[in-house]
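Trainee: sequence plus the predicted model coming up.
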Amino acid sequence: QVQLVESGGGLVQPGGSLRLSCATSGLTFSTAAMSWYRQAPGRERELVAEIGSVGGSTMYADSVKGRFTISRDNAQNTVYLQMNSLKPEDTAVYYCRAKGWRLGMEYEYWGQGTQVTVSS
């Protein structure tokens, strides 16, 4: 059974930092492309950052470039999102997603989300 479990969310003041973790099990992590999405109240879920399975290439939404860093530890089957210089508009539920191929079929799995609130 595949599981993605996010942690590290919380309440932080503007300008502060948080590090989100997404621990996975039940999938071949090293071959999965991993992403972080977020969804604020009343808004659609949006892609924040993604890291590839091969070579670890990364991409970021324009709104977080230079502030957020995605990374992965294939030995720990975990993906991280380091968030610095947080702004109130970063407030959202953050989800991690795993996407890849297994036995010729594409798969996609989501975690349950972790709340990030940026407020003074």
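Mentor: Received it, and whenever you're ready, just let me know what you need.
Trainee: could you tell me how many residues sit around Arg38?
Mentor: By other CB atoms under 10 Å, the residues close to Arg38 number 24. The C-beta positions use only the backbone N, C-alpha and C, and glycine is treated the same way.
Trainee: swap that for Ala23, sorry
Mentor: For Ala23, using other CB under 10 Å, the count is 17.
Trainee: wait, it sits on Val5?
Mentor: Yes. Using CB atoms under 8 Å, Ala23 is in contact with Val5, at 5.0 Å.
Trainee: which parts of the strand ranked longest in the chain are buried?
Mentor: Looking across the chain with DSSP state E, the single longest strand is strand 92-102. The neighbour-count check on strand 92-102 (16 or more other CB atoms under 10 Å) flags Ala92, Val93, Tyr94, Tyr95, Cys96, Arg97, Ala98, Gly100 as buried.
Trainee: check stretch 110-117 too.
Mentor: Using 16+ other CB under 10 Å as the test for burial, stretch 110-117 gives Trp110, Gly111, Gly113, Thr114, Val116.
Trainee: and stretch 63-80, by the same measure?
Mentor: With burial defined by 16+ other CB under 10 Å, the residues of stretch 63-80 counted as buried are Val64, Phe68, Thr69, Ile70, Arg72, Asn77, Thr78, Val79, Tyr80.
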